[in-house]
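>>> I would like the atomic coordinates for the input below:
(2 chains)
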Amino acid sequence: NAGVTQTPKFQVLKTGQSMTLQCAQDMNHNSMYWYRQDPGMGLRLIYYSASEGTTDKGEVPNGYNVSRLNKREFSLRLESAAPSQTSVYFCASRWQSEKLFFGSGTQLSVL
Amino acid sequence: DQQVKQNSPSLSVQEGRISILNCDYTNSMFDYFLWYKKYPAEGPTFLISISSIKDKNEDGRFTVFLNKSAKHLSLHIVPSQPGDSAVYFCAASAGGGTSYGKLTFGQGTILTVHP
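Just a heads-up that it's a prediction; the model follows:
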């Protein structure tokens, strides 16, 4: 049982490049989330999908887009990467309870 | 504006003693509070939670206390073990069940438990 799987684990981009962070969960959870973690700031919500077919903005959505491809997969896209998007990105999912299940993260550096 | 604050960046405790991690919040709309634990190179894992209608919740060695009037919660770990060494995040949500996953996190406290 893999839980929440994120790819890639590490990525280095140049300013202006684009990329997509992939996330898949095998727990049949309805809701999925993207958070970013920056030093000294805890985790902040970027986007979320309460159920298949819906997406909504979180606290820090600027510069990102998301796609809920199906119930399992929720991707995060950076169209034109900026150094301010250097961060560790976590995908998470949940069923009905308050518990979020997190992936192991993607460490992204934008030069 | 940091709505959830963990003012102690780090805490060092001897094995077998009590660890107390603190968290303060400013948003009175928060109605659910959680603690997550994070090891290096891993995602956070859920530890324990408490609803605003309670003032205490216990799960094994872990107890969370909520003081709504002071807008303060704390996590007690008794007894502390070296395997508890990790970063602990306090988090809060507002608006009931549909908002559970929309969390506001504190900055985290690094707990080190010495053998």
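
>>> From now on I want contacts and neighbour counts done on CA atoms only, so please keep to that.
Noted.

>>> Give me the pLDDT for the residue most central in space within chain A.
Central residue of chain A (CA atoms, centre = their mean): residue A:34, 3.2 Å from the mean position. pLDDT for residue A:34: 98.

>>> Could you list everything it pairs with in the sheet?
residue A:47, residue A:91 (DSSP bridges).

>>> correct me, but it touches residue A:48?
Yes: contact criterion CA atoms under 8 Å: residue A:34 and residue A:48 qualify, at 6.2 Å.

>>> can you list contacts of stretch A:65-85?
A:13-26, A:28-30, A:32-34, A:47, A:49, A:51-55, A:63-64, A:108-111 (CA atoms under 8 Å, 6 or more residues apart in numbering or on different chains).

>>> mind listing what's buried in it?
A:65-68, A:71-78, A:81-82, A:85 (16 or more other CA atoms under 10 Å in any protein chain shown).

>>> same thing with stretch B:40-60?
The neighbour-count check on stretch B:40-60 (16+ other CA under 10 Å) flags B:43-51, B:56 as buried.

>>> now that stretch, how far from the chain's geometric center?
6 Å (CA atoms, centre = their mean, to the nearest Å).

>>> what do you get for stretch A:78-88?
Relative to its chain's centre, stretch A:78-88 lies at 12 Å (CA atoms, centre = their mean).

>>> do the same with stretch A:50-67
On CA atoms, centre = their mean, the centre of stretch A:50-67 falls 9 Å from the chain's centre.

>>> now the end-to-end length of it.
End-to-end span of stretch A:50-67 (CA to CA, to the nearest Å): 12 Å.

>>> Buried ones in it, by neighbour count?
Neighbour-count burial for stretch A:50-67 [16+ other CA under 10 Å]: A:50, A:52, A:55, A:58, A:61, A:64-67.

>>> now stretch A:6-24
For stretch A:6-24, a neighbour-count test (16+ other CA under 10 Å) marks A:6-7, A:9, A:13, A:20-24 as buried.

>>> ditto for stretch B:16-24
B:18-24.

>>> got CSV for these, with distance to residue A:101 and pLDDT too?
CSV is the format used below for those (distance: CA to CA, whole Å; pLDDT from 0 to 100):
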residue, distance to residue A:101, pLDDT
B:18, 27, 98
B:19, 25, 98
B:20, 24, 98
B:21, 22, 98
B:22, 23, 98
B:23, 22, 98
B:24, 24, 98
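
>>> In strands only, show me these.
Counting by DSSP state E, these place B:19-24 in strands.

>>> Out of the residues you listed, the closest to residue B:4 would be?
Residue B:4 lies nearest to residue B:24 out of these, by CA to CA, at 5.8 Å.

>>> My read is that that closest one contacts residue B:4, right?
Yes: Residue B:24 lies in contact with residue B:4 (CA under 8 Å); the separation is 5.8 Å.

>>> Contact partners for residue 95?
No chain specified, so I'll use chain A. Residue A:95 makes contacts with A:28-31, as judged by CA under 8 Å, 6+ apart.

>>> looking at chain B here, not the other one
B:29-31 are the contacts of residue B:95 under CA under 8 Å, 6+ apart.
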